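Q: How does the following fold in three dimensions:
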Amino acid sequence: MFENFLNSTGFTLMTWGNLVMIVVGLIFLALAIIKDYEPLLLVPIGFGIIIGNIPAPPTISVGVYDQGSVLSYIYFGVTQGIFPPLIFLGIGAMTDFSTMLSNPKLILLGAAAQVGIFLTLIGALYLGFTPQQAAAIGIIGGADGPTAIFLSAKLAPELVGAIAIAAYSYMALVPVIQPPIMKLLVSDDEARIRMKAPRSVTHREKVVFPIAAFLICSLIAPGAIILIGMLFFGNLLKESGVTERLANTARTSMIDTVTILLGVSVGASTQAQTFLRPQSMLIFGLGALSFAIATAGGILFAKFMNLFLKEKINPLIGAAGVSAVPDSARVAQVVGQKYDPNNFLLMHAMAPNVAGVIGSAIAAGVLMSVLMK
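A: Next up, the predicted model:
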């Protein structure tokens, strides 16, 4: 019995791959706790990575891939695409679309940033991935973790773990990845452009928008009905003025609960035996490329729009066209204030930022409609 006990401990069953992944989990925790990079995401994911890489005897069902284990039931919400729409409901209940409604042309920046998705899709196809896998990898460029998980669960479930970790990693590293691209593409004079304060948006506009936008977006991309529907439903709960209790639940306790379950189970899915493969490393590389292209796409399109606009757009806010809300908008503000401390870009940057959330969900819906088997 004592010999069996020794042979069943994690010390005996530990592999080098497990040790590597545990170190990765510790790095995620350090980034969250020490650097304050997306702690609400990286703490659950990082600890989940550690949980998933503590080896257990094959006779004990504890992992996410072990049928009947507790973690496998929680992970069911990931593989079946249950958690992402619930997170979108909470995001909708937290989001204020006023800045976007006050200056609708900034929506184009959110659309332009989605170029990273489709260019990376083409690159993934060239590298030998199937169309379904390439689409799931490309969506990382939207910097929208729930959308990436939802699409990969539907098109390429075998890649969910790698894609989820890549998407949330790049979301957390927005303050590191985006500033060099912004400084490379935006001149000093362009970075100092001041934009006119957004107009005041009426209550009627705020109420009508989620209903009208859902109808338009869902008709364009029926595959996005679940994500877009929950996003705009959450926003309607917030803006209607008569369902504050529901909106408050969606944006606090519910989204927090789902984020915990999603983060821990996604992290636990990165078992070394299934995660440490050349394919996973390639996904990480393509994800970084996709995110960089998306950032550059938003900036370059803002510069293109300035060729025709009398009231110029500060190109820095184009980087906020990716869906990392509100971090990419904050980065635009921080970088802009390095050039002009009295230039406040945050509210302007929120317009392409929230438009990017809608854009990435529509892109996912289009890909799902075209590629779903």
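Q: Excluding sequence neighbours, find me the nearest residue to residue 196.
A: residue 311 (6.2 Å; C-beta to C-beta, 6 or more residues apart in numbering). Yep, even glycine has a C-beta here, placed from its N, CA and C like the rest.
Q: That neighbour contacts residue 197, correct?
A: No - if you go by C-beta atoms under 8 Å, residue 311 and residue 197 don't touch, sitting 11.7 Å apart.
Q: tell me which element residue 368 falls in.
A: Using DSSP states H and E, residue 368 falls within helix 346-371.
Q: Pull the distance from that helix to the chain's centre.
A: 10 Å (C-alpha atoms, centre = their mean, to the nearest Å).
Q: Repeat that for stretch 22-40.
A: On C-alpha atoms, centre = their mean, the centre of stretch 22-40 falls 17 Å from the chain's centre.
Q: give the contact list for residue 275.
A: 21, 161-162, 269 (C-beta atoms under 8 Å, 6 or more residues apart in numbering).
Q: confidence score at it?
A: On pLDDT, residue 275 comes in at 83.
Q: repeat for residue 250
A: For residue 250, pLDDT reads 96.
Q: start at 19 instead
A: Happy to do that; since the first residue is 19 now, the last one works out to residue 268.
Q: Mind giving me the packing neighbours of the host helix or strand of residue 245?
A: Element membership for residue 245, per DSSP H and E: helix 243-257. Secondary-structure packing of helix 243-257 (3 or more C-beta pairs under 8 Å, 6 or more residues apart in numbering; DSSP states H and E): helix 101-112, helix 163-173, helix 221-238, helix 262-267, helix 364-389.
Q: How about the residue nearest the centre of the chain, nearest residue that isn't a chain neighbour?
A: The centroid of the chain falls nearest to residue 162 when counting by C-alpha atoms, centre = their mean (1.8 Å). For residue 162, ignoring the flanking residues on the chain, the nearest one in space by C-beta to C-beta, 6+ apart is residue 341 at 3.7 Å.
Q: what's the most distant pair in the contacts of residue 293?
A: 39 and 180 (12.1 Å; C-beta to C-beta).
Q: Now the common contact residues for these two.
A: With C-beta under 8 Å, 6+ apart, residue 39 and residue 180 have common neighbours 288, 293.
Q: Compare these two (neighbour count), which wins?
A: Set residue 39 next to residue 180 and count neighbours by other C-beta atoms under 10 Å: residue 180 wins out with 26 against 22.
Q: Could you list the low-pLDDT ranges of the protein?
A: For the chain, applying pLDDT under 70 flags the ranges 391.
Q: Reformat the contacts of residue 293 as a markdown table; add secondary structure and distance to residue 71.
A: Formatted as a markdown table, those follow (DSSP: H, G, I helix; E, B strand; the rest coil; distance: C-beta to C-beta, whole Å):
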| residue | secondary structure | distance to residue 71 |
| --- | --- | --- |
| 39 | helix | 4 |
| 179 | helix | 12 |
| 180 | helix | 15 |
| 287 | coil | 11 |
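Q: Compile the residues you listed into TSV and extend it with columns for distance to residue 27.
A: Below are those laid out as TSV (distance: C-beta to C-beta, whole Å):
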residue	distance to residue 27
39	18
179	25
180	29
287	23
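Q: between these, which is closest to residue 80?
A: Among those, and counting by C-beta to C-beta, the member closest to residue 80 is residue 287, at 13.1 Å.
Q: That closest one: neighbour count?
A: Neighbour tally, residue 287, other C-beta under 10 Å: 25.
Q: pretty sure it is touching residue 67, no?
A: No - counting by C-beta under 8 Å, residue 287 stays clear of residue 67, with 9.0 Å between them.
Q: Not counting sequence-adjacent ones, nearest residue to residue 168?
A: That would be residue 102: by C-beta to C-beta, 6+ apart, it lies 3.9 Å from residue 168.
Q: Quick one, which of the helices and strands packed on helix 243-257 gets closest to residue 155.
A: Judging the helices and strands packed on helix 243-257 by C-beta to C-beta, what sits closest to residue 155 is helix 163-173, at 8.2 Å.
Q: centre of the chain versus the closest one, how much separation?
A: Here helix 163-173 is found 10 Å from its chain centre; the criterion is C-alpha atoms, centre = their mean.
Q: and the angle for it with helix 364-389?
A: Calculated by axes from the mean of the first three to the mean of the last three C-alpha atoms, to 10 degrees, helix 163-173 forms an angle of 0 degrees with helix 364-389.
Q: Mind listing residues that contact helix 163-173?
A: By C-beta under 8 Å, 6+ apart, the list of residues contacting helix 163-173 reads 59, 96-99, 101-103, 105-106, 109, 150-151, 153-154, 157-158, 160, 177-178, 181-182, 184-186, 189, 244-245, 280, 284, 341, 378-379, 382, 385-386, 389-390.
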